[in-house]
Every structure is written in structure tokens, then in C-alpha cells.
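Undergrad: here you go, sequence then predicted model.
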Amino acid sequence: MDRSPLFLAALASAAVPGLDPASVEALPGAPDHQYDVAFVQDTQHRRWVIRVPRSQTAAAQMESTFALLALLARRLPFSVPTPKGFAALKEGGRAAIYPYLPGRNLDFGALPAGPGLAAELGRSIAALHNTDHGLFDEAGLPAYDADTYRTRRLTELDRAAATGHVPTGLLTRWEKLLEDVVLWRFAPTPTHGDLTGDQVLVVFDDDQDASTGRVKAITGWEDAKVADPADDFSALVTQVPESALETLMEAYAHARSERPDPHLLTRARLASQMRALGDLMVAVGGGDRLLVERHAAGLRRLDEQLHAEDEATNDYRRQAEAAARPVSPVVVPPVVEDVDEDDEDVAVMFARTADADSDTNGPAADDGAATDDDAAVDQQPPTDEASSADEESLTDQQAEDDVQPADDDEDTDAFAVPVDEDPTDADPEPTDAESADHRGAATTEIPVRTGGPAQPDLLEFDEDDPGPEHEPGYTSR
């Protein structure tokens, strides 16, 4: 069939009265494209777009959108292509001619984050999803509830699996997600069905500032229906940067009349992955073996990619490294220099002083120091009589110590710090033995008893316990 640019310009002239073509520019087509498209400019400097379906299926899809586009054109904040004329085709179907919609196709991969174009796109999608369902019913477009749409996806997967071109890993993954009914609890909404960057036209008030961008129009409504809102995010979740996607979803949630369900993006990723199944089934139906092998190779690459992502996510070694605590810096202790013993100032600074409760020239602490035997006796709990005897003994001992002359305790004088005396009159430096004695004397000792019963010897018996009369401290009554 003839699809030359001149033929397309002639169809446009025949479809719209007063359209006199002055130039025509045809878009290059690919084998898997459903339509031939050309831009025509007439003698009045008006621009037009002509679309010609390549198959009966494409013709039926395009026909189904004509009524919907006429209804949506007055209810959406952006423009939609509304046909102004039709031209019949010999092979069946009609070519449609639309007024040219200005704007640039949007590159989802370069969508900037923050207020601006990303937020504008989120609000535009929300405006479509807020549309009355009755418009789609009036246009005769299909509508699905959540469970029916999930079953439809399962049927599509079963048909593709029957071809033998779908890897087992993908089948297992997709079946698990489709059988999880929790993921499929959503409110059906009007959807575009095939929202890609090629379908979104944007304009900028300032070409150097992306925040001035606005969504001018959305084209390609052949897959429109009432179904899962996640379908309109299938391309966005795989192409838009994460930060820009967060901005888009935030603007979308604020503009929606109903709160989005929590599993929307999970289903959007699944829809993006399963889109390859539709292309595979079209190639199988057309009998193009080369195209079938191309789509099958694409599915195998997708299986390897998803498997690699799972391994990276579940790698316990990487999780352990991420969970490791940062190493604290090592604190090096300061270097302590040895103090020169000849330095009198340092010796005076760190010299031991006498007990604060006694006079400087008072009794030495080692007069009341405990011997090992006394310490052993002190471990026994004192009786009332022993406590009284101890107090009297300590009182007598302290009285005797008070009358002792200060000169008898040479050790205390050795460590006492002279106040108003000549340093030359100080006592000579103590010997090592004397220093050891004074170190013990400077330590506060626990007072011990000097009287009371001694610790009885433990008796050993070879036979059984003879009775309480052999126990220490036993008295007969």
C-alpha cells in the first residue's frame, strides 16, 4: 500500500475542506509501529497532523478514541488531539487529520526534581484520574474492577508462557505478584494506558529554566480505559530519576480526589516489565519469526537484569558492610615525664600531709595501725560486752597517745610541710624503708578491738556431728 508523503498530503487535503498543502514532512516509521504519521502545512500557514492506521486492529483502536477525545477536550487542563476530518482508505478504516499541537516531546530521563515540570506532570495525571467514569462509559471504552483486571493480567501471562519464549524466572516472579491479592486492592480510575515521553508535549516560558515548563498536550489515547491507575506510571518508574519521581508522586497525591493506594508503584513496575509480553504476542500473531526472536531475547535480558538486582539486594556481605559501625578514633594517652626527685618544689607539691583531724605535730598514724593478728580478730562480729570493752580500750589508748611528745614520731615530721620555717632546718630526706612505713601510716586504717574473746580453734571430728556442745561459743543453760 502507498504510504508516501505525497499520498498522505493528498489524504489530508481530501479530508479537510480548505486545506491546500504547501509542504509535507513524514515521520520515519518502524516495523512495529501501528500508524504512519506526517505533518502537513497548508498555504494559510496552518499545520496539521495526519495519522493512517497500518492494520485493522489499529484502525479499530483509533476509531474508539474519537468520541472520548471530544468529551475530554473540554474537561482537562491540557489539550488532546481532536480530529477535524477523516479520509477513507481502500484497505479499510479511515485516516484522521488533527490540528497540530505545539510543544516538545518530554524526555522522562531528564525530568528535573523540585517544583516545575515534574510537579506539573503529576498534577496533569491526577486531573485525568479524577475524571468522571461516565465519560469513558459514554465513549464505549472498557472498564475493569481490581479483581477482573488482575485475572486479565494472569490470562495474558498464561498465553505468553504457552509460546515457550518467556524465561521461567520471569514466569515465577510475575505469577507470585499477580497472585498476591493485597497488591491489587485499588480503586479503578480513567487512564491513558500508554503514557510515555513521546505522548507528552511540553512548552517552556523560559527555555533555560525547566521550572517554567508546562504540560501542553497528551496524545496517543488508543489504550484509554477505566482500569488500574498504575498503568500510567509504568514508564515513569523505570525512566524518571528517583528525586524527580518523588516530586511527581507528591504533586499527584495532593491533586488526587482519592488517596492513592500504597502499592501503586509496585504494580507500575510490574506493568512495565509485562509490557514486553504484549509486543511478543503481536509478533507471534503476525508470524514474524525474526521479530519474535528479538522480543524473546529482550525477555531473557530482562530476566538476567532482575536476577542480578535481587542478588545485589540480598547479598549478606554487602548488608554486613553497610551495618558495620564506624571505627572510633584511637585516643593516644599523653606522655608522662618522670619527676626529678631532686626537684624540691615538685616534692613539696606531691608530699603527703598529716590527717586533717590531728595537729601537724600530733601523733603518728602508725601508732594505731593494726597487726595481722588483730585484723583476724576483727573479722568476728563483736558482742555487746566486747564492744564496750573496745570503746574503753580505744579511749585509754587515745589518752596515752595524746600525752606522747611530738618528737617521738619522726616519721610524721619527715612528711609534714613546714609553714614558716627555714627550709634548711627541714629533716633529711627519708630512706626507702622509712618512706614505705609512712606510706602505710598515711592510709586510714579501720580501728580494731584490743580485748574480747579470741578466735577459738576449729575442732575436727572424724565421725558424725557430736552435737551443739562442741560448737564454738556454746554455753549450757
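TA: Yep, it's here.
Undergrad: what count of nearby residues applies to Arg301?
TA: Here the number of neighbours of Arg301 (other CB atoms under 10 Å) works out to 12. Glycine gets a C-beta too; all of them are placed from N, C-alpha and C.
Undergrad: do the same with Ala88
TA: By other CB under 10 Å, 11 other residues sit near Ala88.
Undergrad: which non-adjacent residue is nearest it?
TA: Of all residues not flanking Ala88 in the chain, Arg94 sits nearest, at 5.6 Å (CB to CB, 6 or more residues apart in numbering).
Undergrad: show me where the chain has strands.
TA: With strands called from DSSP state E, the chain shows them at 21-26, 35-42, 47-53, 85-88, 94-99, 104-105, 189-191, 200-204, 213-218, 225-227.
Undergrad: so how far is Val292 from the residue nearest to Ala88?
TA: Relative to Val292, Arg94 is positioned 30 Å away (CB to CB, to the nearest Å).
Undergrad: now the protein, which segments are flagged as low pLDDT?
TA: 1-2, 29-32, 314-477 (pLDDT under 70).
Undergrad: could you redo the last one with a cut-off of 80?
TA: 1-3, 29-33, 208, 210-211, 310, 312-477 (pLDDT under 80).
Undergrad: got the domain boundaries for it?
TA: Using automatic domain parsing, the domain parsing of the chain gives 5-99, 104-313.
Undergrad: gap between the two ends of the shortest one?
TA: The separation between the terminal residues of domain 5-99, taken as CA to CA, to the nearest Å, is 18 Å.
Undergrad: cool, and the longest one?
TA: Across domain 104-313, the terminal residues are separated by 38 Å (CA to CA).
Undergrad: give me the residues contacting stretch 188-199.
TA: With contact meaning CB atoms under 8 Å, 6 or more residues apart in numbering, stretch 188-199 is reached by 105-108, 125, 128-133, 135-136, 143-146, 149, 218-229, 231-236, 239.
Undergrad: give me the number of residues near the closest residue to Arg259 other than its chain neighbours?
TA: Ranked by CB to CB, 6+ apart and with sequence neighbours excluded, the top spatial neighbour of Arg259 is Ala253, at 7.2 Å. By the criterion of other CB under 10 Å, Ala253 has 13 neighbours.
Undergrad: circling back: which of the strands of the chain sits most buried?
TA: strand 189-191 (a mean of 24; mean count of other CB atoms under 10 Å).
Undergrad: tell me where the stretch 1-150 of the chain has helices.
TA: For the stretch 1-150 of the chain, the helices defined by DSSP state H, counting those that start in this stretch occupy 5-15, 56-72, 117-129, 133-138, 146-161.
Undergrad: point out the most buried one among these.
TA: When those are compared using mean count of other CB under 10 Å, helix 117-129 is most buried, at a mean of 23.
Undergrad: export it to PDB, keeping only CA atoms.
TA: Provided in PDB are the C-alpha atoms of helix 117-129 (Å, rounded to 0.1, in the frame of the first residue of the first chain):
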ATOM      1  CA  LEU A 117       7.800  20.300  35.200                       C
ATOM      2  CA  ALA A 118       7.800  17.200  37.400                       C
ATOM      3  CA  ALA A 119       5.100  18.600  39.700                       C
ATOM      4  CA  GLU A 120       3.200  19.800  36.600                       C
ATOM      5  CA  LEU A 121       3.200  16.300  35.100                       C
ATOM      6  CA  GLY A 122       2.000  14.800  38.400                       C
ATOM      7  CA  ARG A 123      -0.900  17.200  38.600                       C
ATOM      8  CA  SER A 124      -1.800  16.500  34.900                       C
ATOM      9  CA  ILE A 125      -2.000  12.800  35.500                       C
ATOM     10  CA  ALA A 126      -4.100  13.400  38.600                       C
ATOM     11  CA  ALA A 127      -6.500  15.500  36.600                       C
ATOM     12  CA  LEU A 128      -7.100  12.600  34.200                       C
ATOM     13  CA  HIS A 129      -7.500  10.100  37.000                       C
END
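Undergrad: Val215 against Phe78, yeah?
TA: Yes. With contact defined as CB atoms under 8 Å, Val215 counts as touching Phe78 (5.0 Å).
Undergrad: quick check: neighbours shared by the two?
TA: Ser124.
Undergrad: on that earlier part again, dump the strands of the chain to TSV, plus distance to Arg74.
TA: As requested, those are exported to TSV (distance: least, CB to CB, whole Å):
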stretch	distance to Arg74
strand 21-26	30
strand 35-42	25
strand 47-53	20
strand 85-88	20
strand 94-99	15
strand 104-105	25
strand 189-191	15
strand 200-204	19
strand 213-218	14
strand 225-227	19
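Undergrad: quick one, which of these is nearest to Ser272?
TA: Of all these, it is strand 189-191 that lies closest to Ser272, at 14.4 Å by CB to CB.
Undergrad: adjacent strands (with direction) for the closest one?
TA: Taking DSSP bridges as the criterion, strand 189-191 forms sheet pairs with strand 225-227 (antiparallel).
Undergrad: can you list contacts of the strand it pairs with?
TA: Strand 225-227 has contacts (CB under 8 Å, 6+ apart) with 133, 136-137, 141-144, 149, 188-191, 193.
Undergrad: likewise stretch 94-105?
TA: Identification of contacts with stretch 94-105 by CB under 8 Å, 6+ apart yields 8, 11-12, 15-16, 19, 39, 46-53, 59, 62-63, 66, 79, 81-89, 197-198, 200-203, 216-217, 219.
Undergrad: quick one: contacts for the nearest residue to Gly122 once chain neighbours are set aside?
TA: Closest residue to Gly122 apart from its sequence neighbours, by CB to CB, 6+ apart: Ala251 at 3.4 Å. Counting by CB under 8 Å, 6+ apart, Ala251 makes contact with Ala118, Ala119, Glu120, Leu121, Gly122, Arg123, Ala126.
Undergrad: how about Ala235?
TA: For Ala235, the contact set (CB under 8 Å, 6+ apart) comprises Phe108, Leu195, Thr196, Gly197, Ser272.
Undergrad: what subset of the residues you listed is buried?
TA: The neighbour-count criterion (16 or more other CB atoms under 10 Å) marks Phe108, Leu195, Gly197, Ser272 among those as buried.
Undergrad: and those, which is closest to Pro262?
TA: Ser272 (18.3 Å).
Undergrad: roughly how far does that closest one sit from Ala161?
TA: Going from Ser272 to Ala161 by CB to CB gives 19 Å.
Undergrad: and Leu128, by the same measure?
TA: Using CB to CB, Leu128 is found at 33 Å from Ala161.
Undergrad: returning to that earlier point: is it possible to export the contacts of Ala235 to a markdown table including distance to Ala296?
TA: Output for those, formatted as a markdown table (distance: CB to CB, whole Å):
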| residue | distance to Ala296 |
| --- | --- |
| Phe108 | 26 |
| Leu195 | 26 |
| Thr196 | 23 |
| Gly197 | 26 |
| Ser272 | 18 |
